[in-house]
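Asker: Sequence and predicted structure below; questions after.
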Amino acid sequence: MAITKIFYHTDFENHIPTLNNPECSKRVANIINLIKKKDFSNISFVEPTKIKKELIYDAHNEIFVNETIDKFPENEEIIFLDQETPVSSGSKNATLRAAGAGIDAIDSILNGSCKNAFCIVRPPGHHACIDRSMGFCVFNNVAIAAHYLINEYNFSNIAIIDFDVHHGNGTQDIFYNNKNVNYYSTHQFPLYPGTGDLDEIGVGNIFNVPLSSGTGSDAYQVLFQEKIINQLNIQKPDFLIISAGFDAHTADPLANINLKEEDFSFITNKLKKIANDHCDGRILSMLEGGYDINALEQSILNHIKVLQD
């Protein structure tokens, strides 16, 4: 029976554990217990390994990677890589395991031990650019994973779908001129980080769907079908990677797209069908944003339920 692997490690709770910040440990601290209470029949839990930094170099500038790793504090100090990206003594292990989760998940999917995987990680990654950490993100987890697919497994037709309410400027930056990867994003616009307009198209591989504040479920679902799903059916990707941000939820304090938990079931169902139709069901999903704890937990549960059904 095909299963969904859930990648998680308690190190993710030790990244800035005491700081009063939207991207906090409470986002993930209770989710594994909630998943276990649901008694999903087709899941298993895996602790990700720490990534080798040489694999991070595929997506990021080598000097930037080495300098960033050297900046992680060893005491109780908290430092800021940029004004929105604090790190603490526990952040080094969390960051390396967050990136490592995507690598481990890809290996599991491609060796047949699971059909798809969801990585419940922090720090998130989609704002991290080639040579810059920003927006709560240290390294770009999904970009590192996509490069691993290209370099280690010779994939050349990858789709990254990002439904975080904030545009994944870092992922777009990394793949802007890379025809091996199509990047799709639905996001509120204008909103942090200020990128993601319609005229940002890369080499024909960037598909941005900027959304007005207050869009709501009905309009979102229509646009997701027309702008994302229809284009994915044209692309016919051989591997799907999801930047799974749940901050478009109506309860989230950082934006106003006003989706509900059921919308994330809709999104996941649509993407799962794409995967089943075009790439033998292969999906790697990695957690990005989501800052109302209850809404995040319920949305994640809906996401996992569809993945493992």
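Answerer: Okay, I see it.

Asker: low pLDDT regions in this structure?
Answerer: Judged by pLDDT under 70, the chain has its weakly predicted residues at 1.

Asker: Find the centremost residue of it, please.
Answerer: Nearest to the geometric centre of the chain sits S243, at 2.8 Å (C-alpha atoms, centre = their mean).

Asker: could you list every residue that touches that one?
Answerer: Neighbouring residues of S243 by C-beta atoms under 8 Å, 6 or more residues apart in numbering: 125-126, 142, 160-164, 168, 171, 286, 288. All C-beta spots, glycine's among them, are computed from the backbone N, C-alpha and C.

Asker: Next, format the residues you listed as JSON lines and append distance to V181, neighbour count and secondary structure.
Answerer: Shown next, in JSON lines, are the contacts of S243 (distance: C-beta to C-beta, whole Å; neighbours: other C-beta atoms under 10 Å; DSSP: H, G, I helix; E, B strand; the rest coil):
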{"residue": "G125", "distance to V181": "15", "neighbour count": "31", "secondary structure": "coil"}
{"residue": "H126", "distance to V181": "13", "neighbour count": "31", "secondary structure": "coil"}
{"residue": "V142", "distance to V181": "10", "neighbour count": "34", "secondary structure": "helix"}
{"residue": "I160", "distance to V181": "6", "neighbour count": "28", "secondary structure": "strand"}
{"residue": "I161", "distance to V181": "11", "neighbour count": "28", "secondary structure": "strand"}
{"residue": "D162", "distance to V181": "12", "neighbour count": "25", "secondary structure": "strand"}
{"residue": "F163", "distance to V181": "17", "neighbour count": "29", "secondary structure": "coil"}
{"residue": "D164", "distance to V181": "17", "neighbour count": "26", "secondary structure": "coil"}
{"residue": "G168", "distance to V181": "12", "neighbour count": "36", "secondary structure": "coil"}
{"residue": "T171", "distance to V181": "9", "neighbour count": "31", "secondary structure": "helix"}
{"residue": "M286", "distance to V181": "15", "neighbour count": "28", "secondary structure": "strand"}
{"residue": "E288", "distance to V181": "17", "neighbour count": "31", "secondary structure": "coil"}
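
Asker: How about N151: what's its closest non-neighbour residue?
Answerer: For N151, ignoring the flanking residues on the chain, the nearest one in space by C-beta to C-beta, 6 or more residues apart in numbering is D58 at 6.0 Å.

Asker: pretty sure the one you found contacts A146?
Answerer: No - counting by C-beta atoms under 8 Å, D58 stays clear of A146, with 9.0 Å between them.

Asker: tell me the SS of V65?
Answerer: Three-state call for V65 (DSSP: H, G, I helix; E, B strand; the rest coil): helix.

Asker: Count the residues that sit near it.
Answerer: 19 (other C-beta atoms under 10 Å).

Asker: do the same with V121
Answerer: Around V121 there are 27 residues (other C-beta under 10 Å).

Asker: Pull the contacting residues for it.
Answerer: 7-8, 12, 28, 48, 94, 97-98, 101, 141, 286-287 are the contacts of V121 under C-beta under 8 Å, 6+ apart.
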